[in-house]
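**Q** need a structure here:
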Amino acid sequence: MIFERLLSAAVEGFLMSGVGLGVLGIRLKIVKLIAIAFLYSSFVYGIRETYMLLGIKLGTHLFFVMIFMVVLFKYIGKQSILDGVLATLINIAVVLFGETVFLIPFLTYLGIDVNKLFALPHAFLIGTVIYLLPLILLFVVVYIKKITLININILAENI
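**A** Numbers count the residues shown, from 1 in each chain. Reported below is the predicted structural model:
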């Protein structure tokens, strides 16, 4: 179960690194994406476990995750804080979209509670793939196909 949670967070971190910055036209090398994914997964796993141990609902962990992601983009990705914040906000929007549009309706259709899903063996990975569908699709578009959706340089010139 620990491996599944770490793997899930690593995949999420990898995709988020490619998508958030890729939407802005910034494409980090794979090595940096992997480094960010490794650190992200360790942090996310640690904070989720701490929250569960202390009985805190997981919604508020998002603020810590967002701050940590900006720090990773700044120091590992060598990006400006503004680019890190924008990329993180894009990522959070895409992940929340995936959870609310794909994961929750899927679980409702099957009659499975979210907490039960994460307690079932291998179900955590299945749930991860479902809510990461928008990130996976965007990763293909902005990182692999190299299509820039928001050109931050043009926006900066017009200010």
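**Q** residue ranges of the helices in the chain, please?
**A** Applying DSSP state H to the chain gives helices spanning 2-23, 30-54, 61-75, 81-98, 104-110, 114-119, 123-131, 133-139, 152-157.
**Q** Report the residue spans of the protein with pLDDT below the cut-off.
**A** The model of the chain has pLDDT under 70 over residues 118, 155-159.
**Q** mind redoing it with 90?
**A** Counting by pLDDT under 90, the chain shows low-confidence ranges at 1-5, 48-49, 52, 55-61, 99, 103-104, 106-128, 150-159.
**Q** Buried residues of stretch 99-112, list them for me.
**A** By 16 or more other Cβ atoms under 10 Å, the buried positions in stretch 99-112 come out as 99, 102-103, 107. Yep, even glycine has a C-beta here, placed from its N, CA and C like the rest.
**Q** Could you check how far V65 is from T88?
**A** As judged by Cβ to Cβ, to the nearest Å, V65 and T88 stand 9 Å apart.
**Q** could the helices of the chain go into JSON lines alongside distance to K145?
**A** Compiled in JSON lines, those are given as follows (distance: least, Cβ to Cβ, whole Å):
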{"stretch": "helix 2-23", "distance to K145": "10"}
{"stretch": "helix 30-54", "distance to K145": "16"}
{"stretch": "helix 61-75", "distance to K145": "22"}
{"stretch": "helix 81-98", "distance to K145": "16"}
{"stretch": "helix 104-110", "distance to K145": "27"}
{"stretch": "helix 114-119", "distance to K145": "32"}
{"stretch": "helix 123-131", "distance to K145": "21"}
{"stretch": "helix 133-139", "distance to K145": "10"}
{"stretch": "helix 152-157", "distance to K145": "18"}
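**Q** Cool, thanks, talk later.
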